[in-house]
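Chemist: fold the following and give me the result.
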Amino acid sequence: MQLVINTPGSYLRVKEGNFLVKNEDKVFEVSAKKVQSIMITTSAYLSTDAVKLAMDNNIDVIFLDNFGDPFGRVWHSKLGSTTAIRRRQLEVAGDVTGMDMAKEWVTTKIGNQIDFLKRLRNSRPAKEEELDAYIKSLEETKGKLEGLSGTTEELRGTIMGLEGSAGKSYFNALSFIVPDRYKFNGRSKMPAKDEFNCLLNYAYGVLYSMVEKSCIIAGLDPYIGIVHADHYNKKSMVFDLIEMYRIFAEETVVYLFSQRKVKQEYFDIIPNGMTLNKEGKAVLIEALNETLDKSVRYRGRNIKQRDTIQFDCHRIANSLIKDEV
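Modeler: Below is the predicted model:
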């Protein structure tokens with residue numbers, strides 16, 4: 001489970017080997033064995049004993065800003081893997097091996113988008129024709145990506161251009177199917193301009209922290225990217241890999257709208273946009289956890305969707321040191 005602390009003044013400490021949370025007038029204990037991560041989204045108190053208990057149980061403590069983006073985390077200082085993986089990340093970033101990896105990640109993302117739109121189309125016969133047009137556009141872009149050959153250094157701009165084109169069609173399709181009052185005009189980030197992007201940005205932020213943790217555990221350097229170029233303090237590998245998992249956030253947000261679970265009181269107006277408040281965060285995180293806990297078939301075994309991120313990171317890390325992709 002994810003232990004989420006999003007009430008100002010909350011307190012997290014240790015009692016008899018368990019986490020003890022004081023939240024307004026509510027006090028409860030949680031076994032460390034049941035916690036995968038601790039997310040702190042607002043002003044809270046955190047004892048050093050709680051940090052130690054988290055580190056001893058391989059639990060990362062993540063601090064999120066008001067938009068859901070992680071701005072810091074507490075994690076144990078051990079690498080836990082060979083530095084050869086990081087060295088290989090640097091080596092493959094500009095060669096054909098890196099290109100093959102980049103194509104896999106981006107085509108997986110677009111394939112997820114296509115599959116999702118097909119499922120939405122099947123339950124919306126009145127909108128079938130329009131959704132078919134969006135699906136066709138995505139399939140054409142996916143085909144162009146699969147046909148690319150060369151190195152990421154040569155084709156990085158082409159890859160990102162095709163990915164952006166696919167994204168535009170995809171989000172136009174999602175805007176087309178949400179209730180009229182919540183239709184939106186493309187992606188908006190920080191701050192979001194509309195309710196859909198407000199929810200989506202926060203869900204993406206949660207996924208960013210999960211992907212970064214999986215990179216660290218697998219021995220991948222979060223800062224050495226392949227598709228996304230290296231920049232100061234930019235977690236380029238996290239940006240690369242999250243593309244395959246954005247669908248978890250998108251399915252969750254679309255579900256909330258289609259099931260009429262979104263309320264105006266979940267949002268606070270701020271200069272130039274809006275932000276998700278405490279009540280909205282609670283509803284979103286509960287729904288996202290339901291999505292992440294769904295069972296899926298993964299390479300011959302049944303696992304939770306959230307665990308595919310860690311399995312993929314281990315697979316990628318192993319491929320790097322075995323020269324296999």
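
Chemist: continuing past the helix or strand containing residue 201, what's the next helix or strand?
Modeler: Using DSSP states H and E, residue 201 falls within helix 195-218. Where DSSP H and E defines the elements, the next helix or strand beyond helix 195-218 is helix 236-242.

Chemist: quick one: that following helix to chain centroid distance?
Modeler: Relative to the centre of its chain, helix 236-242 is centred 10 Å away, using C-alpha atoms, centre = their mean, to the nearest Å.

Chemist: what mean pLDDT does stretch 168-177 have?
Modeler: Stretch 168-177 shows a mean pLDDT of 96.

Chemist: err, stretch 141-160, not the other one
Modeler: Mean predicted confidence for stretch 141-160 is 90.

Chemist: and for stretch 183-196?
Modeler: 93.

Chemist: end to end, how far does it reach?
Modeler: Stretch 183-196 has an end-to-end distance of 8 Å (C-alpha to C-alpha, to the nearest Å).

Chemist: give me the residue at the spatial middle of the protein.
Modeler: residue 207 (2.4 Å; C-alpha atoms, centre = their mean).

Chemist: from the contact counts, what lies against the helix holding residue 201?
Modeler: Here helix 195-218 touches strand 37-40, strand 60-64, strand 70-74, helix 236-242, helix 246-258, strand 273-276, helix 278-292, helix 305-322, going by 3 or more C-beta pairs under 8 Å, 6 or more residues apart in numbering; DSSP states H and E. The C-beta positions use only the backbone N, C-alpha and C, and glycine is treated the same way.

Chemist: what's the closest of these to residue 93?
Modeler: With C-beta to C-beta as the measure, helix 236-242 is the member of the helices and strands packed on helix 195-218 nearest residue 93 (9.1 Å).

Chemist: with just CA atoms, put the closest one into PDB.
Modeler: In PDB, the C-alpha atoms belonging to helix 236-242 read as follows (Å, rounded to 0.1, in the frame of the first residue of the first chain):
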ATOM      1  CA  SER A 236      15.900  11.800 -18.200                       C
ATOM      2  CA  MET A 237      15.600   8.000 -17.800                       C
ATOM      3  CA  VAL A 238      12.500   8.500 -15.700                       C
ATOM      4  CA  PHE A 239      11.000  10.600 -18.400                       C
ATOM      5  CA  ASP A 240      11.900   7.900 -20.900                       C
ATOM      6  CA  LEU A 241      10.500   5.000 -19.000                       C
ATOM      7  CA  ILE A 242       7.300   6.600 -17.700                       C
END
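
Chemist: tell me what that helix is packed against?
Modeler: Contact analysis of helix 236-242 by 3+ C-beta pairs under 8 Å, 6+ apart lists helix 96-122, helix 195-218, helix 305-322 as its packing neighbours.

Chemist: any idea which of those helices is most buried?
Modeler: Of all those, helix 195-218 carries the top mean neighbour count, a mean of 24, counting by mean count of other C-beta atoms under 10 Å.

Chemist: tell me what angle it forms with helix 278-292.
Modeler: Between helix 195-218 and helix 278-292, the angle comes out at 50 degrees (axes from the mean of the first three to the mean of the last three C-alpha atoms, to 10 degrees).

Chemist: centre of the chain to the helix holding residue 201, how far?
Modeler: That offset, for helix 195-218, works out to 3 Å (C-alpha atoms, centre = their mean).

Chemist: nearest to residue 25 among the helices and strands packed on helix 195-218 would be which one?
Modeler: Distance to residue 25, taken as C-beta to C-beta, is lowest for helix 278-292 among these, at 14.9 Å.

Chemist: what sits up against the next helix or strand after the closest one?
Modeler: Per DSSP H and E, helix 278-292 leads on to strand 295-298 as the next helix or strand towards the C-terminus. Strand 295-298 is contacted from outside by 302-305, 307-308, 311, using C-beta atoms under 8 Å, 6 or more residues apart in numbering.

Chemist: could these go into CSV alongside distance to residue 187 and pLDDT?
Modeler: Listed next are the contacts of strand 295-298 as CSV, based on distance: C-beta to C-beta, whole Å; pLDDT from 0 to 100:
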residue, distance to residue 187, pLDDT
302, 33, 95
303, 30, 95
304, 28, 95
305, 23, 95
307, 28, 95
308, 24, 96
311, 28, 95
